[in-house]
Every structure is written in C-alpha cells, then in structure tokens.
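K.L.:
Need a 3D model of the sequence below.
(chains A and B)
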Amino acid sequence: MLAWTIYISFAGALMSALLPKGRNTLARWFALAVAVAGLAISVAAYAAGFAQGRIVIVDALWVPSMGIHYLLVADGISRVLVLLTGIAAVSGILFSWNVDLRTNQFFAFYLALIGGVYGVFLSGDLFLLFVFYEIAIVPKYFLIAIWGSTRREYGAMKLALYSFVGSAMVLIGLLAAYATSGSHSTTLTALAGAGLPVSFQMWCFPLVFVGFAILAGMWPFHTWAPTGHVAAPTAASMLLAGVVMKLGAYGCLRVGIGLFPHGLDPWGFAFLGIGSWRDVFAWLAVIGIVYGALVALAQSDFKFVIGYSSVSHMGFVLLGLMTLNQIGVDGAVLQMFSHGIIAGLLFAIVGRIVYDRTHTRQFAELEPMHLLRRLPFAAWAFVIAGMASIGLPGFSGFVAELQILVGAWKVNPWWTVAAGIGIVIGVAYIWRALQKAFFSDALPTAHEIESEQEHKFAPICWSEMAGVALLLACTLAVGLYPRILLDQIAPAVKALLAGGAQ
Amino acid sequence: MNEMTTGFLSGFPVLTLLTVLPLIGAALALLSGRHARAVALVTTLACLAVSLFIWTRVPADGSIGLVERAAWVPSLGIEYHLGVDGLGGLMLLLSAIVTLMSVDAAHRVHHMPGLFYGLVLTLESGLFGSFTALNFFHWFLFWELSLIPAFFLIKLWGGPRRGPAATQFFIYTMAGSVALLVCFLAVFLSTSTGSAPGTMDFSELATMAASGALTQMVTAHLGPVMPWLAIGVLAGFAVKVPMIPFHTWLPAAYAEAPSPVTMLLTGAMSKMGVYGLLRIAIPLFGVQIAAMRTPLLVLAVATVVMGAWAAAAQKDLKRVFAYSSINHLGYCLLGIFALAVPVSGAAAQADQAAALNGVILQMFNHGITAATLFWFMAMIQMRSGGERGINDFGGLRKPAPVLAGLMGIALFSSLGLPGLNGFIGEFLIFRGVFPLSWVSATVSVLGLLVTAAVILTVIQKVFSGPVPERWASFPDLHHGERMALAPVIGLMFLLGLVPQLIIGTINPTVQYLLAHWRF
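P.N.:
Modelled structure (predicted):
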C-alpha cells in the first residue's frame, strides 16, 4: 500500500505539468488532492504498522546483471518519516496557495520532490535509494531558482553543488561497498550481511556518512542550509528543512550506521581524547548545535534565524545517532519528525504569513510595524511554534531532545552539557526574534497609525489557518503522547542497532 | 502496569477534570470575545466547586489520595501520576479562590478581553496541574504552563514599564526552570540501573531519599554533587517564592502587572515555590538542606526583615504590598528551614509540627489576604485615575467609609491581628521556630514590628487626616463590589476565629510528611 505514495506523487507531478496554463485554482486543488491522498495512505499504513513491524512492500529484480532490486521496505523508522513527508507535503501546499507564477509547474516540481522523498524513505535497495535521492535534488534546484527570493540563483546553485558533492561521496562509497562485498545483490540486508572488512568500513563509513550529513546540515558543511532556506519559496524551505534535511539524516542512519557499523569502532589511538569517527561526528554535531544557535542569535533577517536554528536542531539528530544506544537513536528519529514539523511551521509563519504581507524580513523594519496588533494570528502562532522550538514540555521537541541528551550522557556527559548550552541559547534567539518581530514595546506614532490605515494587510486566509492548525496539532499530539511514534520507532531502532552489532 | 491502569480507571478522575476544566474555559473564552468574562466567571466558579469537593475527599490519614496513575513515556520515566493530600488540596482551594477573585476584579478589560481571560484560565490550569502532579515531567509541564500566560499578562496589559518588567520576570523564572530541569535530569540519569530507565516520580524518589539510596546512586554516578543538586533545586524555587537575593524581579512585575494579575502572581503563583520546597526539595534533599540549614536560615531571616524594611521605604502602594509579600512569604521559608533539622523527642517533634502547620496556613492566608489587598488597589486605582502613591491620598475614610473599613480589615489581617486569618499562621510558625532556632526567630520579630509600622502608616496616610480637595467626592464601594468582597472578608474572620477548619485537615498531612521526611 505504501508504495502508492510514490506512484501517486510522480503521477500527480506529471499530470500537473500537463495541466493547461492559467488554470491556477485547478492546479492548486489538484496538488492538494494528490498530497492529501499521499498523507491518507501514510496515515493508514502507519496505523496498520503497529502490528506489522518490518514488511517488504515490493520486491522485483530490476537489473539482474548487477543484482539491483526494486525493493521497497517499511519499518517503524520509515513509516514515521513517510508520515512526516505526508504532513509536510500537505501543509507546504496549503502555504503556497498564493503562488501565481507558473502554478502548475511549481506544483509539478513540488510533487516530484515529494515522490523522491517518499522513495528514499521506503527503499530497501542501496542503488534504488540513491536514485530516489538524486531525483529529490533536481526539483529542489528549480523550485529555488525559479520561484525563490533573495539571491535565488546563488542559493539554488550552492544547494545543488553541496548536494552533488555529497552524492558523489555517497556514490563512491556505495560502489566500493558493492565491489568489496562480493555479493551479487545491492539490497541493504545483503550488503549488511556480507561481512565487510573492518578496515574497509573504517574509511568507507566516514565517506558515506559525511556525504549524507552534508544534506543533514552537519557543521562545517552546513552553509548551504541557511542561504538555501532563505532563497527558497516558503513551501520549498518548509520541505528543505522539514524533509530534505531528514533525507541526509536518514541516509546517515540507514546506510552509514546500518552498513558500516564497525566504522564507528575505536581507532585504537586517541588524539585530544578523540578516538573514533563516532567521537569526531558527535563533536561536529555538538559544535553545530551551539554554533547554529549562536549565529541565529546574531541575525538581522528573520528567516536566517530560522535557517540557523535548523542547523542547531539537526545537530541534535546527528548527536542522537552517534550515541548508538536505544534511547539516543530513538530520540534522533523522533527529533527528525519533531524538527520537520516545527521548522515547517516556523518557515511558514516567517516566509508566508509575515513576509508575503510585509515584504521585509529585516527585524529593523519589522519592529516599527507592530505586527502583534496588525497580524495577531501570526504573532500567536509564532509564540506557540517558538515554545515548541525551544523544547518546552508538552511539545514534541522536549521528549526528542531529552532522549538524545539522556542517550548522549551515557556515552560522554560533556556532549550533554554542551548540547544543553545550545538549548539555552535556543531560548534566547527565539525570545529575541519574538520580541523584535512581534512584541516591540515602542508605541506607534500617529504617522505610523495613518500609514497602517492606508496599507492594510491581506486577511489571513483559510489555507494558512489550516496549515498552522495541522502542524500545531502534530507537535502537540506527539509532545503529549510521544508513544504514538516511539512505539514504532523503538523496535525498528532496536533491530537496526542489533544488526549493526553483528 | 495493569494495576496502574485499572487504578486510573476505577475512580472518577476528578483531578484531571479539575485541570482540564480551565483549559476548556480558556478555549471558550478566546472564542467568545466580549462575553469572555462571563465564561471565565462560570469556569472559575465551577473549578471552586470541584476543588471544594476535592478538599472534602482528602484522605484523613494525611497520605496522598485520589491518585490517578497511567504509563506515559516509560523510556524517560515519565508517568501520568496525580494525587492530593491536605497540602495539595489546600493549594487547589487557594488557587480556585484567588483566580475567581482575580476574574471578579478584572471587569474592565477592553483590550483583547477574550485573550486576557483565556490566559488567566490557562494559568489556573497550570496551578492546578502543578499542585497535583507527582511526576517531575508532569509537574514541569504545568509549572511552565503557568509561567507563559503570566508573562503575556504582564507584557500586554501591564503599566507603562511593562516591557522590562515582563522580560525580567521571564528571564528569572526561565533560569529557575532550567536549574530545576538540569537537577532532575541528573537525578533521572543517576537512578537508572542497567537497562532500566531512571525515575522522575516524586514519591519513589522520596522513598529512595529517605533510605539514603538516592544520595548513594547520585554519588556513584556523578560524584559528590548531591549538595549542588540541592542548591539548584532550592534556587529554582527561591526565585519563585521569592527568597532574597533572588527577589529582584518581583517588585517591578507586581507593580507593572495589572492588579488582577498581581493578585494571581502573589496569591497563587508565589505558593508554587513554597509548595515545591515542601513537596520536592525537602523530601528529596532533606539531608543536604539540613546540612545547609544555617545559611538558609540567614537568607530566610533576611527575606523577612529586609522585605519589611524595603516595604517601609516605598512610595508606591503596589510596591509596598509587593515587598510586604516578600516579607510574609519569608515566614514560610523561616518555618521550613528551621524545621529542617534531625530531632528526637516528642517535644521537638511537636515544634516541627507546629511550624509546618503554620507554614501551610500562612501560605493559604497570605494568598487570600495579599490577593484582597491588590483587589483593593484595583478599586482605588479605578477611582483615582491610576494614582497609587502612598502620599497621593488622605482622609479617604470620610468620602469612602466602606472602602476604608473593608480594606482596613484586610490590612489588619496582613498585619497579623489576632482574630483575623493572618495571625494564626504566623503565630504557629513562631511557636515552632523559637525552640528550634531561637536566634532566627528573635531577629525575625523585627520583621513583624516593621510590617506593623508599614501597615499602620498606609492606613494613616491613605485613610486618615484631611481630605485633599480633589478626593472630596471619592466614590465609595458600590453594591456589587461590596457583595463580591463580602465572602472574602467573611473568610478572613472565619479562619481567624476557627482555624481548625483548615488545621483539622492539614494536621494529619503534616504528621504524615514529618514522619516520612529525613534530615
């Protein structure tokens, strides 16, 4: 059943491209219908998944000479991320309701991207995974380059180049693994069971891990993320932060840790207390957490704050992966979901609800606009989204980050301490953005009130309200009852970690 | 796990009902716009009724009753675990009364009324939740749930300098929250054995602390950090109470917040700090607190004396009452820290029980009295066009005799006049503290004297003397206000004359708590 998420999205993309020009309303409703269908399938599959565990959806030999299978597999981790993709797809379309330029093409690229993402999360074959991974990169470039804003060509090119460099590293790793394993199959299970030599894993793991981690925004390879996010149109930045960065993290977990578990073993010597790739990447993740938060604190552009906050929150995902224990990796997967929802919401508020009305993202220009009075919906939505982002209890981020901190503590308490500092800085930058953008204390002058009367903002439309409500409901539901996701994540992570230990 | 689930389902989850009720009310208030106050009044009345019902069902043996328990996030030791004893039940009652008073007092909110009452009701839910929670996560959720509405209530409806006041309030309380979170994370990590997750359950942790196992586990896991954890937790609560030197956010916040919000801040929210000391800090860190007893007593006495002196130096009536609140809660701190000492013998145990009974009574009585005083401030400011300097008035008892009389009763209750509610709590605290620490009790008497002087000065400057020309027709309380105030003033007399109404229920809890605490 889950395979249909991929087919529907690609078919929808194709049909959307063929829709007659100028029929923008039709294109919107069509795209929404496709995305809702995908979400409905992923919800149904998720509900059924509590009893199923890991299932093979499709298994067909694709390129017999190479042993490449068209193999789609779903376990708890995949289902959670497919669910996230479905939610992000629907809300992204709701927040791009006002795209008027080549609307049908916009949604065609958008749905193609979604289809690729679904494909990556469901692939059980390494080669297939890589194909879907590449499919997801191309539409992303066009979405930014054609429909983007601030320095869009630059942002799009930077994003594409970083992605391709990462892909190249991954590809080399994959080919090497295929050659070394000697097995005549490219399925993940076959490769993991091939018993790759430890010395091979030692150099192949960092190559593949970094290749994927570039897309997950790992410091110091994160610089594409803020510029890309800012340049992208709202829906694309929601997808970038919401699901595309998760592709990278998912690759790190499924391919990096799943195939090369011994790449994380100690080197046998230590330099400055760093004795394995695990230490290296965990510290890079921690630096990303703190650095992203500090840089977010210094931004004058509202969207850059959110862009850098993504770097910080994705650092938690990578840190959770590097704990290699049940609670930490559980937390990492939960954090992927949580950040996907919360970052999507923040980008929607900043990029769509605020920017499309004020046409500025500079705090200095937003401060005198008294947005609390003029856009109360945006202000309160940002308050709640900000509370979720700083990880207050009751929102999904709290449980996710707490699990990662607990997992990290068991390995190296200093990781927990440093990441905890990142959380505190997180409170500060959200607080600062909130104060500057919405809750400025300055009283309006008569002149300002006059100009406000002349330039009234367009009212909040139904699609914006629906999108905000959908995303808020998700983060609250997971925050208040995290077992809704953890009950599926935990067995899948357990199996993956056990497979790695063999 | 099955037993827990059936335990949750067997009785009607009245505590959950009480916590959810204000949230429903908040949603309705948000939607109902102009009729928000009516919604809020109905909701708070219903909450008062439910909390009165809960008060009658508090177990007679002083243990925790009406327990609701269900698994929540097992991997993090998080459970849905609620219950009340005499202490919790009394705090629920206080929160319900103070919120009702606050909604009653806030009848001229023109600016976004739906949001205002929605936030007040959300805050009430936060109070109920944190006074019933028995698991750290659950408790922390509601602790934060009460902070955020309070911040916005100050920030959006406060006086001219509301921005800095709200920021200061936010930063202090957030810092306190971070300290608490870090300490409990450390406790959680230390109590995990093997693959089993640790615990965040207050009653389990209290049992471990009483047997000394908690200190052992924390020391084995993290080294000798137990005293630092105790300090972190104490600091988290000290900000909230507040205890000197963590009090500097309070005067600005109390003065800038609209009076109905100040009623909530001082009447109910400050009790969250004292409650936290009794429910969390003492049971878990009793030994460490006993070891730090002397410096803590110094801070408590400083809070009592300096709070009173600072009140004497203020010119703004709201700031006078703000500092006098610090002084009154200082007695609670005094009682708590004085009894934190290992004792033997029935006489010393009776002293401890007297002090603890006094502390709990004082929490309730200060809540009622301070909220009433700020209510009167709301009425005075409405009539004076916002003026509230202690020297701005004079002779108000001539144009407004009922106002002067009723506020006089509240002021005398705050002063601790026998026969009114304020007296019995402070008396019991001093009765218990003298034998346990005569030095701190003796020095604290200074606080009593200065407070008396401050209150009498207020009465003299505002109500006596010649009437300035402009206040010659100062309107007296109208019929509705008198009716609204009558129950509260009646309560002051009732509790002053029959304190047994409360002591009867809390004394078993006091005995139970003292029997289980270990210093």
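
K.L.:
Okay, the residue in the stretch 251-400 of chain B that chain A sits nearest to and residue B:249: tell me how far apart.
P.N.:
Taking C-beta to the nearest C-beta as the measure, the point where the stretch 251-400 of chain B comes nearest chain A is residue B:256, at 11.7 Å. (Glycine included, C-beta is placed from N, CA and C.) With the distance defined as C-beta to C-beta, to the nearest Å, residue B:256 ends up 11 Å from residue B:249.

K.L.:
These two: who's more crowded?
P.N.:
More neighbours surround residue B:256 than the other of residue B:256 and residue B:249, with 24 against 21 (other C-beta atoms under 10 Å in any protein chain shown).

K.L.:
Excluding covalently adjacent residues, which one is nearest to that one?
P.N.:
Nearest in space to residue B:256, with sequence neighbours left out and distances taken as C-beta to C-beta, 6 or more residues apart in numbering or on different chains, is residue B:165 at 3.8 Å.

K.L.:
near chain B, which residues of chain A?
P.N.:
Proximity of chain A to chain B (C-beta under 8 Å from any C-beta of the partner chain) is limited to residues A:326-327, A:330, A:372, A:383, A:387, A:392-394, A:399, A:402-403, A:405-406, A:409-410, A:420, A:424, A:427, A:431, A:435, A:439, A:441, A:481-483, A:486, A:490.

K.L.:
rewinding a little: my guess is the residue of the stretch 251-400 of chain B closest to chain A meets residue B:158, correct?
P.N.:
Yes. Counting by C-beta atoms under 8 Å, residue B:256 sits close enough to residue B:158 to count as a contact (4.3 Å).

K.L.:
Quick one: buried ones out of the residues of chain A next to chain B?
P.N.:
Neighbour-count burial (16 or more other C-beta atoms under 10 Å in any protein chain shown) applied to those gives A:326-327, A:330, A:372, A:383, A:387, A:392-394, A:399, A:402-403, A:405-406, A:409-410, A:420, A:427, A:431, A:435, A:439, A:482-483, A:486, A:490.

K.L.:
quick revisit: return every residue with contacts to both of residue B:256 and residue B:249.
P.N.:
Taking C-beta atoms under 8 Å, 6 or more residues apart in numbering or on different chains as the contact criterion, the common neighbours of residue B:256 and residue B:249 are residue B:165.

K.L.:
where are the low-confidence patches of the chain?
P.N.:
Since no chain was named, I'll use chain A. Across chain A, the stretches falling below the confidence threshold (pLDDT under 70) are A:443, A:500-502.

K.L.:
Oops, wrong one, chain B.
P.N.:
Low-confidence regions of chain B, defined by pLDDT under 70, span residues B:1-10, B:194.

K.L.:
Can you check which helix is longest in it?
P.N.:
Longest helix in chain B by number of residues, with DSSP state H as the criterion: helix B:346-384.

K.L.:
for that one, which positions count as buried?
P.N.:
In helix B:346-384, residues buried by neighbour count (16+ other C-beta under 10 Å) are B:348, B:351-381, B:383-384.

K.L.:
cool, stretch A:135-152 as well?
P.N.:
Using 16+ other C-beta under 10 Å as the burial criterion, the residues of stretch A:135-152 that qualify are A:135-137, A:139-149, A:152.
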